[in-house]
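>>> give me a model of this one.
(chains A, B and C)
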Amino acid sequence: MSQRVYITGLGMISALGNTVSEGFLSLSQSKTGIGKINHLTTRYKEEFLAGEINLSNKDLADLVKDSNPEYNRNTYLAMIAAKEAVIHSGIDTKDGLRTGLISSTTVAGMGITELYYKELFEKTDHLSVIDTHDCGYSTERIADYIGNVDYVTTISTACSSAANAIMLGCRMIKHGQLDRVVVGGVDALSKFTFNGFNTLMILDREWCKPFDENRKGLNLGEGAAFLVIEGEEALNKRQGKPLTEIIGYANANDAYHQTASSPEGYGATLAIQQALAMSGLNPSQVDYINMHGTGTPNNDLSEGMATVAVFGNQIPKFSSTKAYTGHTLAAAASIEAVISVLSLQHQTIFPNLNFTTPIASLNLTPIHELLKTPINIVLSNSFGFGGNCSSLLFKKV
Amino acid sequence: MDALIEKLKKQIIEQLNLAEVNPDEVSADSPLFGEGLGLDSIDALELIVLLEKHYGIKIEDPKDGKVIFQSLRTMAEYIKAQGKG
Amino acid sequence: MTKAYINGISCISAQNTIDDSWYFDTITPANGDYFSAIEPSYKDHIAPNLIRRMGRAIKMGVTTANLAIIDADAQKVDAIITGTGLGCFEDSERFLLAMLDNNEQFLTPTSFIQSTHNTVGSQIALIMKCHDYNFTYVHRGFSFESCVLDALMLFEEGKETILVGGIEEHTPNFVTLNRRALKLQIQDTTMPIHQSTSNGVQLSEGSTFFLLSKHKSDKSIAAIDGIKTLYKPKTSEDIFEKLIVFLKLYNLTLSDIDVTLMGFCGNQHFDKYLNELLPKLTTNTAIASFKNLCGEFYTASAFAMWVATKLIQKQQLPQSIVIAGSEPKHIKHVLVINQYGGVNYSFMLVSQC
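A predicted model of the protein is given here:
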């Protein structure tokens, strides 16, 4: 049952660009996508920054070449990234093999529900938003857009959602339930999530500074990223080309607090250790960690403590790429999975932007300038509300 | 001061939905967090909004809450010191 | 694939299922075009300092999870898997309305935090101090089905005890909006649900949890053999073919099935394929419906699995749910065929163990 699982296609749209290549260019130039808010309607537009995709919904409809008025921003972003991944992989969903789609989102259709909610009780014009509000809606639109999908489901475990979608995809292949799966996550910016994070007082008004002593919080972002993952049998059958192997994954729970991480990072430690145990690797074999690193005082300290707990005094090179994309919530883990694959392909660590001073109690310094270095194994962490902690391990092929 | 403490108590019980918990045990000087009422960091954020909404006081750094929200009395004193309430 | 033994169950639904002694004796009718769950006093199940923040979905979920664990006499669980199509809608709506009414000012975090879809699963983990696997599926009529499939895979991966549940809540506004969108309709209760000619459903809610074990014990009530989901099947023949293949996986044919629980919802368009299947299924089996009791919601299939488990436990088929076929001598295999919105179809097989 334990066949190997490979990543064979990538798709990503984020503040770094509309495609994986555009994203790679921004990363290589250490250029952030976070800036002034243009498209999101909020009274705090001038006060905060965000990793916004600089396209209107009309622009997105043009990219998708389908302007169904019911589609919301979340759905457009997901369709664009999923299609890019499928085309990149070269799979043909009509070839008789079983293809799955596992998506993830937290905001779902809220971005459009919040625009019309009040008037739904008075007028009938936008009543269809009650069909597009739930998380499954965008997944089914992606499934129809890709075509010939045998299994669909959607995961929502806050900011670790896409890591869990990737993990489930691997497991379904290993269990022989599917031959290949399009996995990933999406979250468009919405007034609802923006205000929600604002009430938690964890938004930085300036560029976020992950792992810096003077970090003040996170910047929200939006985006979607999908990966095509295939079992080696299906891949051999079509003589496809693997990009990266997925060799470990784990999900554990911090069970400490509804939103905050435990000070010692217990759930994170468990997730990293269990992913390593699955891969059979020693901690010393990890070459680079793409951290969750949101830039909040709580996350970075807790994640740093977990890193020390697992790696002791041999901390691998690490960086957080949240200062490029902003925190894209359910999409974060799949965006960072794409970035991890790019790191392996180009043997490059994309630097942790805006870093100057290590956290005093940890004294850990992230890679903060672009670094070409041999990388064989990448660990990627994603942690979410409800203590949901997931870690993924990628290996160069 | 006592009137303000009493008013605060009512507002907190309402805002934090504490009616079913044990509001009678809360005195002016009993701790709001940890032991006592057992409030947590989410409640602290709720109290920050309570001060803003009812007393026009803005707290920018949630860490400041630690000192201000020790008890009903410290909250009332803080409100007075800001010239509100 | 390994079987999952059902060692504990608990259900809050539109019927009095929260009362252990209830067995289809008193049927509570819908409130016009919707059902509300019959809820217990939550103070008996959840600590007051936790309850003060919880919306109804969370209260229903945490209570039924707890009761399923008690029913199974389980000491710990290795995984918590929840399914919910809409999540904690009451909290989402509260935060949304506060944001719209106050023009994004004076907002507090509690309802935002609680609106997160994985709140029920994470609250259970917090209360139980469970550091293990914790997933939440949010895919419409596949939300609960995805949980069951995941649990079956986890057992093969070495987990021993898994908590699985489906949770859904509605709010008065949500009922109103569904009504305005012409999705709801009062059903003619003198007629069996599959013969309904209506264009709407009776919206409902509830929470059902199962404590599953890899090993059979004296606590085991029934076993889940397998699960299969079908997204947008093209014809009812397509569904039928896949059903035969599904049963074959467990060395069964249609004639081995004693009771088939079908997810007729009352909307004649959504029920079309199930009605086309009906004559092919009646040979040797009793056909029963369940949405005339629990109403329609994304995780109604969790209620169906509760019914399946109870039928096997009690070995008695209540006439109030039978719509066709013959009375079985013995209830060994119960098949659930569900549909949601005429788009999400699923099969679940529950057997005596």
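>>> how near is the closest residue to chain A within chain B to A:Gly217?
Here the residue of chain B nearest chain A is B:Pro62; by Cβ to the nearest Cβ that distance is 4.8 Å. C-beta coordinates here come from the backbone N, C-alpha and C atoms, glycine included. Look at B:Pro62 and A:Gly217: by Cβ to Cβ, to the nearest Å, they are 10 Å apart.
>>> break chain C into its domains for me.
For chain C, automatic domain parsing gives the domain ranges C:4-213, C:222-351.
>>> make a markdown table out of the ones you listed and add mean pLDDT and mean neighbour count.
Shown next, in a markdown table, are the domains of chain C (pLDDT from 0 to 100; neighbours: other Cβ atoms under 10 Å in any protein chain shown):
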| stretch | mean pLDDT | mean neighbour count |
| --- | --- | --- |
| domain C:4-213 | 97 | 22 |
| domain C:222-351 | 96 | 20 |
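>>> pipe these into TSV and attach distance to B:Pro31 per row.
Compiled in TSV, the domains of chain C are given as follows (distance: least, Cβ to Cβ, whole Å):
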stretch	distance to B:Pro31
domain C:4-213	15
domain C:222-351	42
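>>> which one of the ones you listed lies nearest to A:Tyr145?
domain C:222-351 (13.1 Å; Cβ to Cβ).
>>> and the pLDDT at the residue in chain B sticking out farthest from the centre?
What lies farthest from the middle of chain B is B:Glu20; by Cα atoms, centre = their mean that is 17.6 Å. You'll see B:Glu20 listed with a pLDDT of 79.
>>> for it, phi and psi?
The phi/psi pair for B:Glu20 (degrees, to the nearest 10) reads phi -90, psi -10.
>>> same deal with A:Ser14?
The phi/psi pair for A:Ser14 (degrees, to the nearest 10) is phi -160, psi -170.
>>> the stretch 201-350 of chain A: strands as residue ranges?
A:220-221, A:223-231, A:244-253, A:288-290, A:317-319, A:348-349 (DSSP state E, counting those that start in this stretch).
>>> in three-state terms, label A:Phe24 for me.
helix (DSSP: H, G, I helix; E, B strand; the rest coil).
>>> scratch that, A:Phe394 is what I was asking about
Under three-state DSSP, the three-state class of A:Phe394 is strand.
>>> A:Asn74 against A:Phe192, yeah?
No. If you go by Cβ atoms under 8 Å, A:Asn74 and A:Phe192 don't touch, sitting 11.8 Å apart.
>>> shaky segments in chain B?
The model of chain B has pLDDT under 70 over residues B:23.
>>> okay, now the closest residue to chain C within it: neighbour count?
With Cβ to the nearest Cβ as the measure, B:Asn17 is the residue of chain B nearest to chain C, at 4.1 Å. When neighbours are counted by other Cβ atoms under 10 Å in any protein chain shown, B:Asn17 registers 15.
>>> that older thread, give me the spatial nearest neighbour of the residue of chain B closest to chain A, chain neighbours excluded.
Leaving aside its chain neighbours, B:Pro62 sits nearest to A:Met201 (4.8 Å; criterion: Cβ to Cβ, 6 or more residues apart in numbering or on different chains).
>>> quick check: residues of chain B near chain C?
Contacts of chain B with chain C, taken as Cβ under 8 Å from any Cβ of the partner chain, map to B:15-18, B:20-22, B:38, B:42, B:45-46, B:49, B:52-53.
>>> repeat that for 10 Å
B:15-22, B:37-50, B:52-54 (Cβ under 10 Å from any Cβ of the partner chain).
>>> so the residue nearest the centre of chain C: helix, strand or coil?
For chain C, the residue nearest the mean C-alpha position is C:Ala302 (1.9 Å; Cα atoms, centre = their mean). Counting by three-state DSSP, the backbone at C:Ala302 sits in helix.
>>> these two touch, right, it and C:Met60?
No. Using Cβ atoms under 10 Å, C:Ala302 is not in contact with C:Met60; the gap is 11.6 Å.
>>> surely C:Ser346 is in a strand?
Yes. Counting by three-state DSSP, C:Ser346 is found in a strand.
>>> thought it was touching C:Thr229?
Yes. Counting by Cβ under 10 Å, C:Ser346 does reach C:Thr229; the two are 4.7 Å apart.
>>> overlap of the contact sets of these two?
Overlap of the contact sets of C:Ser346 and C:Thr229 (by Cβ atoms under 10 Å, 6 or more residues apart in numbering or on different chains) consists of C:141-142, C:145-146, C:148-149, C:301, C:338.
>>> how about TSV for those, with distance to chain A and secondary structure added?
Formatted as TSV, the shared contacts of C:Ser346 and C:Thr229 follow (distance: Cβ to the nearest Cβ, whole Å; DSSP: H, G, I helix; E, B strand; the rest coil):
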residue	distance to chain A	secondary structure
C:Gly141	8	helix
C:Phe142	6	helix
C:Glu145	8	helix
C:Ser146	4	helix
C:Val148	11	helix
C:Leu149	8	helix
C:Ser301	14	helix
C:Asn338	15	strand
